[in-house]
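Colleague: sequence? don't have it. structure:
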Ligand code: A2P
């Protein structure tokens, strides 16, 4: 069975460069999707408390470990600390809730999901009477110190961040003992993040590309929004290689050294997305794909 190549983190841990995303996967669909993905060869699963489906992901992991397809050591599981648990004393309990939901004793990677905090509590999106987000004054540098502690305790092998910009990373690096192993950010041909990727590379921080396919199933998508997978320029490249647009877009990330985590709950597409190890994009096509950047961010955090 083909396996995704591994990338080395700045702490020496290795991690598959390709995994299954679970954002937007419905609880009723994700268990089967994760089991199918394991059968296809996926070993890396990207989760988060806020996706509200970690129990169902955990059920799949349990089944596949019980039936002997994989061991815990074969798997690489990421989760993320939600914004309402940034106060340092909330980090360990939040991680333990995630471990309980996933049915695991440790994570491979735990990320701060966003660089800002929301009002503490179990309301995931606290809002005021006008429907505006209520923020908290918790500082991500203090949150990070608690992340370092949970790693030290063995609750997660590695720690990292998500949605951090250059300025936030610089401040974190200036104040941390353990540097983040990855920064998980939105990356696809319409938002290639060249500058931030170069900065992270210079600091030995890997990039994990989320929404690599342009997340056509994002809840706020509007009719008429650009559709990456339908882009005729990408279709033309795909035809040249006898591959699908999704395969070309995913190979683009892997080839530029970005860890990537496409979401699918469909076995055929889960398989299709994994069949990218038997071809290479030419330098000209990589440059062409780079040129499609149009600052096309689809996941801004809006109140
Ligand atoms: P589905 O889950 O029904 O397969 P992203 O990873 O950028 O968030 O994109 C996920 C979206 O892309 C989902 O709507 C998913 O639908 C769809 N998708 C995943 N793989 C493919 C593929 N190979 N071809 C077309 N659409 C895909």
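Modeller: Yep, it's here. These numbers come from a predicted model, not from an experiment.

Colleague: near the ligand, which residues of the protein show up?
Modeller: By Cβ under 6 Å from any ligand atom, the residues of the chain that approach the ligand are 21, 211-217, 229, 244, 246, 262-266, 269, 272-273. Glycine gets a C-beta too; all of them are placed from N, C-alpha and C.

Colleague: Now list the buried members of the residues you listed.
Modeller: 21, 211-215, 244, 246, 262-265, 269, 272-273 (16 or more other Cβ atoms under 10 Å).

Colleague: from those, which ones fall inside helices?
Modeller: 246, 269, 272-273 (DSSP state H).

Colleague: okay if I get those residues as TSV plus pLDDT?
Modeller: Below are those laid out as TSV (pLDDT from 0 to 100):
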residue	pLDDT
246	98
269	98
272	98
273	98
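
Colleague: Farthest pair within those?
Modeller: Greatest spatial distance among those (Cβ to Cβ): 246 and 269, at 7.2 Å.

Colleague: The residues of the chain next to the ligand in strands, which ones?
Modeller: residue 21 (DSSP state E).

Colleague: Next one: the nearest residue to residue 230 once chain neighbours are set aside, what pLDDT does it get?
Modeller: Excluding the flanking residues, the one nearest residue 230 by Cβ to Cβ, 6 or more residues apart in numbering is residue 245, at 7.8 Å. pLDDT, residue 245: 98.

Colleague: was I right about residue 245 contacting residue 233?
Modeller: No: Residue 245 lies out of contact with residue 233 (Cβ atoms under 8 Å); the separation is 9.8 Å.

Colleague: Of the two, give the one with the bigger neighbour count.
Modeller: Higher neighbour count among residue 245 and residue 233: residue 245, with 21 against 13, using other Cβ atoms under 10 Å.

Colleague: Checking the closest residue to residue 215 other than its chain neighbours next. Helix, strand or coil?
Modeller: Once flanking residues are discounted, residue 215 sits nearest to residue 298: 5.9 Å by Cβ to Cβ, 6+ apart. Three-state assignment for residue 298 (DSSP: H, G, I helix; E, B strand; the rest coil): coil.
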